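> mind looking at a prediction? Sequence and model below.
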Amino acid sequence: MADPLRQTARPAISQCLAAGIRVIMITGDYPATALSIAEQCGLDVSAGVLTGEDIDALEEVQLQQRLRQATVFCRVQPEQKLRLVQTLKNAGEIVAMTGDDVNDAPALKAEHIGIAMGGRGTDVARESAALVLLDDDFGSIVAAVRLGRRIVDNIRKAVVFVVATLWSGLAEQQARALTFSAMIIGDIWLIFINRSWSLPLVKSISLPNPALWWVVACGLMMLALALFLPFMNTLFHFERP
């Protein structure tokens with residue numbers, strides 16, 4: 001009898017490891033089964049396995065030390081799974097765990113991000129989790145992390161720009177004018193940067209292109225009118241610093 005892995009499991013775990021996300025297997029299976037599945041997934045099994053009895057025999061400090069190396073935990077009971085989650089959190093880790101059974105509910109509730117299986121998961125597991133996978137595919141978690149990191153990166157950039165602007169003490173209309181100016185100048189600068197991917201910037205600027213200089217001149221002229229002409233100031237709701 002065999003329950004083979006999904007084809008997406010190993011590539012998804014490889015992507016997690018490449019992205020700096022540590023993957024730990026916690027299962028109720030026997031050690032031989034757990035090790036076999038872990039090796040097929042691409043997990044590092046050099047530190048061996050820890051059973052539920054091993055977890056109970058370790059003090060908190062000892063368990064933290066073993067958690068730094070071990071990635072496979074087997075014959076684990078619900079209360080032992082909960083202890084593993086709490087130990088990882090106490091060590092400063094951001095913990096996410098998947099589960100589908102009633103026994104997984106305490107750990108799903110205790111971790112930072114509980115992820116329940118939407119297909120075969122129980123109602124108790126889904127209600128205890130923060131996220132529910134509709135396709136029960138580990139690869140969906142990787143895709144969600146990738147999208148989440150992109151969103152966080154964009155938000156961080158936006159916040160840094162906004163904060164760098166409430167520090168300068170500008171009024172709302174002045175900040176709007178500064179943002180517009182930065183956007184126009186930045187776009188013009190990108191035009192020159194992208195003129196050539198092989199030549200230095202100084203040489204790429206000297207390449208003949210009469211239309212480019214007309215575009216740049218018109219862009220800068222419109223920017224100057226928007227900033228200094230009273231009618232344009234009112235139209236764009238700008239104010240000179």
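Good, I have the coordinates.
> tell me what the least confident helix or strand in the chain by mean pLDDT is packed against?
For the chain, the helix or strand with the lowest mean confidence is helix 201-205, at a mean of 72 (criterion: mean pLDDT, DSSP states H and E). Helix 201-205 makes packing contacts with helix 172-193 when contacts are defined by 3 or more C-beta pairs under 8 Å, 6 or more residues apart in numbering; DSSP states H and E. (C-beta placed from N, C-alpha, C; glycine too.)
> tell me what the helix it packs on is packed against?
Secondary elements touching helix 172-193 (3+ C-beta pairs under 8 Å, 6+ apart): helix 138-166, helix 201-205, helix 210-228, helix 230-236.
> helices or strands up against the last one?
Under the contact criterion of 3+ C-beta pairs under 8 Å, 6+ apart, helix 230-236 touches helix 172-193, helix 210-228.
> CSV for those, including distance to N154 and mean pLDDT?
Listed next are the helices and strands packed on helix 230-236 as CSV, based on distance: least, C-beta to C-beta, whole Å; pLDDT from 0 to 100:
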stretch, distance to N154, mean pLDDT
helix 172-193, 16, 83
helix 210-228, 26, 88
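> columns mean neighbour count on top of these, output as CSV?
Written out in CSV, the entries for the helices and strands packed on helix 230-236 read as follows (neighbours: other C-beta atoms under 10 Å):
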stretch, mean neighbour count
helix 172-193, 14
helix 210-228, 12
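> for the ones you listed, give me TSV that also has distance to V160.
Listed next are those as TSV, based on distance: least, C-beta to C-beta, whole Å:
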stretch	distance to V160
helix 172-193	13
helix 210-228	24
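> for those, which one sits closest to A107?
Each of the helices and strands packed on helix 230-236 has some distance to A107 by C-beta to C-beta; the shortest is helix 172-193, at 46.1 Å.
> how far off centre is that closest one?
Between the mean C-alpha location of helix 172-193 and the chain-wide mean there is a distance of 29 Å, by C-alpha atoms, centre = their mean, to the nearest Å.
> check stretch 189-206 too.
For stretch 189-206 - counting by C-alpha atoms, centre = their mean - the centre lies 33 Å from the chain centre.
> also stretch 119-134?
A distance of 21 Å separates the C-alpha centroid of stretch 119-134 from that of its chain, computed with C-alpha atoms, centre = their mean.
> low-confidence ranges, this structure, go.
1, 162, 164-165, 167-169, 196-198, 201, 240-241 (pLDDT under 70).
> next one: the residue nearest the centre of it from Q15, what distance?
Nearest to the mean C-alpha position of the chain, by C-alpha atoms, centre = their mean, lies R149 at 2.6 Å. Look at R149 and Q15: by C-beta to C-beta, to the nearest Å, they are 12 Å apart.
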